[in-house]
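Peer 1: Below is the sequence, then the predicted model.
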Protein chains: 2
Amino acid sequence: MSEILATVLKRVKPTAADIRLVDEVASEVIRRTSEAISKLGFTAKPMLVGSVARGTWLRQDPDIDVFILFEETLTREELERRGLAVAREVAGPAGEEKFAEHPYVTMKFRGLDIDLVPCFDVTDPKMIKSAVDRSPHHQRYVKSRLTPQLADEVLLLKQFASGSGVYGAELKKQGFSGYLCELLILHYGSFSRLVEEASKWVPGEVVDILSYYPEKSEARLIFENQPLVVVDPVDPHRNAAAAVSLQNFSIFVRACQDFLDKPGLRFFFPRPVRLLTPAGLGRILRRRGTKLFCIVFRSPLVVPDVLYPQLRKTERAIVTRLVQEGFEVLRSDVWSNAKSVILVELSVSKLPGVKTRVGPPPNISAKDFVQEHLGSGKCLAGPMVDAAGRVVFEVKREWTDALALIKDTMAQRISFGKHVSESIAQGYRIIEGESLKRLLRERGFNEFLAEYLTRKLPWYR
Amino acid sequence: MSEILATVLKRVKPTAADIRLVDEVASEVIRRTSEAISKLGFTAKPMLVGSVARGTWLRQDPDIDVFILFEETLTREELERRGLAVAREVAGPAGEEKFAEHPYVTMKFRGLDIDLVPCFDVTDPKMIKSAVDRSPHHQRYVKSRLTPQLADEVLLLKQFASGSGVYGAELKKQGFSGYLCELLILHYGSFSRLVEEASKWVPGEVVDILSYYPEKSEARLIFENQPLVVVDPVDPHRNAAAAVSLQNFSIFVRACQDFLDKPGLRFFFPRPVRLLTPAGLGRILRRRGTKLFCIVFRSPLVVPDVLYPQLRKTERAIVTRLVQEGFEVLRSDVWSNAKSVILVELSVSKLPGVKTRVGPPPNISAKDFVQEHLGSGKCLAGPMVDAAGRVVFEVKREWTDALALIKDTMAQRISFGKHVSESIAQGYRIIEGESLKRLLRERGFNEFLAEYLTRKLPWYR
């Protein structure tokens, strides 16, 4: 195993040259930020945070995060005004304003991605005004504890999480953040120790680094229904693993189990998904024999952290309606680029005109059940009694055609995400089965559909 | 309600003329049987049993049962030989031999159906050698207790059971025998009292006329899984309601509940099912939109009490296979006359080429599950992890076409009834959907299919 880990580290650890470049750029940005603060006459200080600041960045992934810390006494509006002013001064025309919980600026500088993020300089991290105010505290906590050896272990973990497809806490991914990876290494001491322990994790797992909670059951109660609880050392009321979905938790645990069973580079560097040719797509669709519907519309102009929850909410609304009306949804997924796609795969798209309504057993009154159905004007047969002794009706099924039902759902747009709903209201198409060949031209869609149709845990590819 | 009951009684109670005819015929048969016994030099005595002997026969249903009681010391073979000799002597060429648990003779005489049944004259009914030996004991028990008023109440109950479709203990019907109706009236004292009590029955109900069992729970334990237990007063180890299926029990309880709620003649004399025209059949089938398959074959030459359990066993084998392979069976039924039919109605008859196999959650090893599937050569996708965190494969479905699957099941004939299987081996057809119009010519099939397709508890027709 140590050979494998050494090979991985060689590939993902930044070289001396990489580090020199990144350090130079970071220093330059910090310097410019200080200058801008002075020039604008504000009281604030720049701070390098994140993986570059801690030496835990993956070679292919050097994100430079510069936070601008303002006095806690400012109003939120004033913070945003001053913060953006500084960031604009630093970035110049290369900057691009983004809005997450609050606004920040991104820029490219000497080929590197740089985020300039205004925040409050809060003394007590339990008293933060916005999620970003925590980052300086995370920075200090990790930086003061992470030795260079541990930083290497963090790199291994990050690449392992990335390879198994669960790296990233953004709402599109719902996986493991870089900070979470650092905390796990600080807690378990090494990548291999973590893998060993995590292979035994069960949903509701609690990692309490500072032993803040006397009993794990207490933490489980507070962070209810969260598959993984890693108590944030700078704020014990926060779960540093709150983003991790049950699905990604389970994938990670499986990756650890399988890695222990048979270690390999494939966990860190899985084979890429093979792209679909139009003929190959046709072959796969015929073999599956399912009914694949892609609902396609223009992506609303919001950041991914806003878009993806809305896409999933919309997906859920459509799937729920289909299931309620008796259709079996095999799987579904969402994708987005310039266009957004909600994909729904059904076993069958046409159901009979009749469906069964099962009523009470003999010892419970069936009067209301019978009256309700006889009065509905929708009975094709019944009341009758089935072999188990229950009263049963056969009634007219409202929706026998899935496509018509999807169109009705799209017209009503109940429980859809706000911006997604607005975009759909502007127009959408439903592309079905082999017609999906046309969509393969859409940038990135081929990868998505190929991955969907041949889905495998990455290390099994 | 009393008006309704009076009307019913008027229609179902034999008139003085009916009674005169039946009594004459019965006496004549008894006389001839005595003569035949003397002539053949046997020691035996004829006995009139059943509803005619007790004055509980429905006007339209005067079955004359003459039992020939032989000494207990005879061998079974000798009983059968002598019994048939006597019966043949009485019936002459008009007789027809039948075989139930043991042989008996039926005949028509002056337009009436007469059964001549040899049996052992057993002193203690707990020591009988054959089910028919109980009948003389039932006769004595009921006859000595049933007043003419109670006999009228029995007529009401029989007609009520008949009207709700649950009268008859034969295996084709699995309902309430005449003797069971008599016991229930003896126990509850009147039809209306019975209806009131039975409307509150729950499956596992115990009616213990002689209070043989100190606790009902004890009787429930002995007669396990029987929805209705009516302890036979002449043999407390026997359930006089053993024939009653859960379905018919529930129908009877519903009939009682509905009758109490809104009494009417329709419970005793429901409207007949309207027969199907070919066009009407087409209309109903299109409205249901299901896939209806009728498996048709020549009826094996066995009595209904042998045939029907075999038909149901075969029906169950076919339905079970379909369900195991993922098809949704809406309903199924059997029918028999010169031809036998097993009817199976499916929601859809074509399924996709893929099906989902859900494996263990994250805390349980998935190694065997994954190995088994990866090695099967049938995986279309997977291993993957679903939203609930379980390992999932998508595998090739073995049977995507219900018709092909039914044909395969018919070729294998596993768990089919013996005689039914033999008949099917000689040949069968599968008639589907609107082609069923051809079968409407088959005597009795129209009623069966009409009842199936428009099924309603009879009093709702």
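Peer 2: Nice, I can see it. Residues are numbered from 1 along each chain as shown, chains lettered A, B, ... in the order given.
Peer 1: where exactly do the strands run in the stretch 1-150 of chain A?
Peer 2: For the stretch 1-150 of chain A, the strands defined by DSSP state E, counting those that start in this stretch cover A:44-49, A:64-70, A:96-99, A:103-109, A:112-120.
Peer 1: For chain B, find the nearest of the ones you listed.
Peer 2: strand A:96-99 (28.9 Å; C-beta to the nearest C-beta). To be clear about C-beta, it is placed using only N, CA and C from the backbone, and glycine gets the same treatment.
Peer 1: Get me the contact residues on the stretch 151-300 of chain A for chain B.
Peer 2: A:201-203, A:227, A:245-247, A:249-251, A:253-254, A:257, A:261, A:286-291 (C-beta under 8 Å from any C-beta of the partner chain).
Peer 1: okay, the residue in the stretch 51-200 of chain A that chain B sits nearest to: pLDDT?
Peer 2: Distances between the stretch 51-200 of chain A and chain B by C-beta to the nearest C-beta are smallest at A:Lys200, namely 8.1 Å. A:Lys200 carries a pLDDT value of 95.
Peer 1: Just read off the phi/psi values of it.
Peer 2: phi -110, psi 0 (degrees, to the nearest 10).
Peer 1: what about it, how many neighbours?
Peer 2: Neighbourhood size, A:Lys200 [other C-beta atoms under 10 Å in any protein chain shown]: 13.
Peer 1: and what of A:Ser144?
Peer 2: Close neighbours of A:Ser144, defined as other C-beta under 10 Å, add up to 7.
Peer 1: residue ranges for the helices of the stretch 151-300 of chain A, please.
Peer 2: Using DSSP state H, counting those that start in this stretch, the helices of the stretch 151-300 of chain A run over A:178-188, A:191-198, A:216-222, A:246-261, A:278-288.
Peer 1: which residues sit against stretch A:16-31?
Peer 2: A:14, A:46, A:48, A:52-53, A:57, A:59, A:62, A:64, A:66, A:90, A:109-110, A:112, A:114, A:116 (C-beta atoms under 8 Å, 6 or more residues apart in numbering or on different chains).
Peer 1: mean confidence score for that stretch?
Peer 2: For stretch A:16-31, mean pLDDT rounds to 94.
Peer 1: Centre of the chain to that stretch, how far?
Peer 2: On the basis of C-alpha atoms, centre = their mean, to the nearest Å, stretch A:16-31 sits 30 Å off its chain's mean C-alpha point.
Peer 1: strands paired with the worst-scoring helix or strand of chain A on mean pLDDT, and their directions?
Peer 2: Every helix and strand of chain A was ranked by mean pLDDT, DSSP states H and E. The lowest is strand A:96-99, at a mean of 80. Here strand A:96-99 has these sheet partners by DSSP bridges: strand A:103-109 (antiparallel).
Peer 1: low pLDDT regions in chain A?
Peer 2: A:100 (pLDDT under 70).
Peer 1: buried sites along the top helix by length along chain A?
Peer 2: In terms of residue count, the longest helix belonging to chain A (DSSP state H) is helix A:16-40. Buried positions in helix A:16-40, judged by neighbour count with 16 or more other C-beta atoms under 10 Å in any protein chain shown: A:Ile19, A:Leu21, A:Val22, A:Val25, A:Ala26, A:Val29, A:Ile30, A:Arg32, A:Thr33, A:Ser34, A:Ala36, A:Ile37.
Peer 1: Over to stretch A:68-81?
Peer 2: Along stretch A:68-81, these residues count as buried under the neighbour rule (16+ other C-beta under 10 Å): A:Ile68, A:Leu69, A:Phe70, A:Leu74, A:Leu79, A:Glu80.
Peer 1: Also stretch A:419-432?
Peer 2: Here stretch A:419-432 shows A:His419, A:Val420, A:Ser421, A:Ser423, A:Ile424, A:Tyr428, A:Ile431 as buried, counting by 16+ other C-beta under 10 Å.
Peer 1: Any part of it near chain B?
Peer 2: No: if you take C-beta under 8 Å from any C-beta as the test, stretch A:419-432 misses chain B, and the best it gets is 14.3 Å.
Peer 1: Can I get that stretch as CSV, trimmed to CA atoms?
Peer 2: In CSV, the C-alpha atoms belonging to stretch A:419-432 read as follows (Å, rounded to 0.1, in the frame of the first residue of the first chain):
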residue,chain,number,x,y,z
HIS,A,419,-35.4,30.3,-11.1
VAL,A,420,-35.7,26.9,-12.8
SER,A,421,-39.5,27.3,-12.8
GLU,A,422,-39.1,30.7,-14.4
SER,A,423,-36.8,29.4,-17.1
ILE,A,424,-39.1,26.5,-17.8
ALA,A,425,-42.0,28.9,-18.1
GLN,A,426,-40.0,30.5,-21.0
GLY,A,427,-39.9,27.2,-22.8
TYR,A,428,-38.6,23.7,-22.6
ARG,A,429,-38.4,20.6,-24.7
ILE,A,430,-38.7,16.9,-23.8
ILE,A,431,-36.3,14.8,-25.8
GLU,A,432,-36.9,11.1,-25.6
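Peer 1: Can you name the residues in contact with that stretch?
Peer 2: A:291-300, A:302, A:306-307, A:310-311, A:313-314, A:340, A:403, A:406-407, A:410, A:413, A:416, A:438-439.
Peer 1: try stretch A:207-226
Peer 2: With C-beta under 8 Å, 6+ apart as the test, stretch A:207-226 has contacts from A:183-184, A:186-187, A:204, A:206, A:228-231, A:233, A:236-237, A:239, A:241-242, A:244.
Peer 1: Same list (the buried residues of helix A:16-40) but as TSV, adding distance to B:Trp399.
Peer 2: Formatted as TSV, the buried residues of helix A:16-40 follow (distance: C-beta to C-beta, whole Å):
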residue	distance to B:Trp399
A:Ile19	61
A:Leu21	61
A:Val22	59
A:Val25	62
A:Ala26	63
A:Val29	64
A:Ile30	67
A:Arg32	69
A:Thr33	68
A:Ser34	72
A:Ala36	71
A:Ile37	72
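Peer 1: And chain A, split by domain according to the record?
Peer 2: By the assignment in automatic domain parsing, chain A contains the domains A:11-132, A:148-267, A:278-350+A:400-460, A:354-396.
Peer 1: Would you tell me which one of the ones you listed is buried the most?
Peer 2: Among the domains of chain A, ranked by average contacts under mean count of other C-beta atoms under 10 Å in any protein chain shown, first place goes to domain A:148-267 (a mean of 20).
Peer 1: How far off centre is it?
Peer 2: Relative to the centre of its chain, domain A:148-267 is centred 15 Å away, using C-alpha atoms, centre = their mean.
Peer 1: Kindly check the end-to-end length of that domain for me.
Peer 2: With C-alpha to C-alpha, to the nearest Å applied, domain A:148-267 spans 23 Å between its terminal residues.
Peer 1: In which helix or strand does the closest residue to A:Val370 other than its chain neighbours reside?
Peer 2: With C-beta to C-beta, 6 or more residues apart in numbering or on different chains as the criterion, A:Val370 has its nearest non-adjacent residue at 5.1 Å, and that residue is A:Pro383. Assigned by DSSP states H and E, A:Pro383 belongs to strand A:379-385.
Peer 1: Pairing partners for that strand, with directions?
Peer 2: Here strand A:379-385 has these sheet partners by DSSP bridges: strand A:391-396 (antiparallel).
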